[in-house]
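Colleague: sequence first, then the predicted structure:
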Amino acid sequence: MTIRVLDPTSETGPPQSEPAPRLDTLAGKKVGFISNGKEGTARYFHHLGEALKSRYGVAEIVIKTKSNYSAPADAHIANGISEWDAMMSGVGD
């Protein structure tokens with residue numbers, strides 16, 4: 001009897017890239033949040049957005065919600081990210 005073991009890992013690694021440069025400050029910046037649409041994210045992102053405005057001088061908060069929590073962000077959301085100075089994505093239940 002022969003036992004054959006398969007390796008499910010990819011033959012290639014993830015693409016190499018550099019992280020985005022850090023912002024000097026959040027003051028006056030536009031910060032976007034991408035929610036997966038689950039119940040816990042809306043209140044959390046709203047609260048976090050208000051804290052960023054009051055504590056760090058963020059000028060504008062944008063909150064977008066994906067149409068499907070398990071899929072990548074919708075095209076209209078992904079296309080708008082370049083207009084933001086910073087963004088966060090999160091999961092909530």
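Modeller: Perfect, I can see it now.
Colleague: is the most centrally placed residue in the chain in a helix, a strand, or coil?
Modeller: By Cα atoms, centre = their mean, the chain has its centre lying nearest to residue 89, at 2.3 Å. Of the three states, residue 89 takes strand under DSSP: H, G, I helix; E, B strand; the rest coil.
Colleague: one more: residue 11?
Modeller: Assigned by three-state DSSP, the conformation of residue 11 is coil.
Colleague: and it, how many residues sit next to it?
Modeller: 5 (other Cβ atoms under 10 Å). Bear in mind the C-beta positions are built from the backbone N, C-alpha and C, glycine included.
Colleague: same check on residue 26?
Modeller: Summarising burial for residue 26: neighbours were counted as other Cβ under 10 Å, giving 17.
Colleague: please report how far the residue nearest to the centre of the chain lies from residue 7.
Modeller: Relative to residue 7, residue 89 is positioned 30 Å away (Cβ to Cβ, to the nearest Å).
Colleague: and if you look at residue 79?
Modeller: 37 Å.
Colleague: then residue 7 would be within a helix, right?
Modeller: No - using three-state DSSP, the assignment for residue 7 is coil, not a helix.
Colleague: tell me the pLDDT at it?
Modeller: At residue 7, the predicted lDDT confidence score is 82.
Colleague: off-centre distance for the top helix by length along the chain?
Modeller: Assignment by DSSP state H gives helix 39-56 as the longest helix of the chain. Centre-to-centre, helix 39-56 and its host chain are 14 Å apart (Cα atoms, centre = their mean, to the nearest Å).
Colleague: buried residues, the helix or strand just after it. List them.
Modeller: Counting by DSSP states H and E, the next helix or strand C-terminal to helix 39-56 is strand 60-65. Buried residues in strand 60-65, counting neighbours by 16 or more other Cβ atoms under 10 Å, are found at 61, 62, 64, 65.
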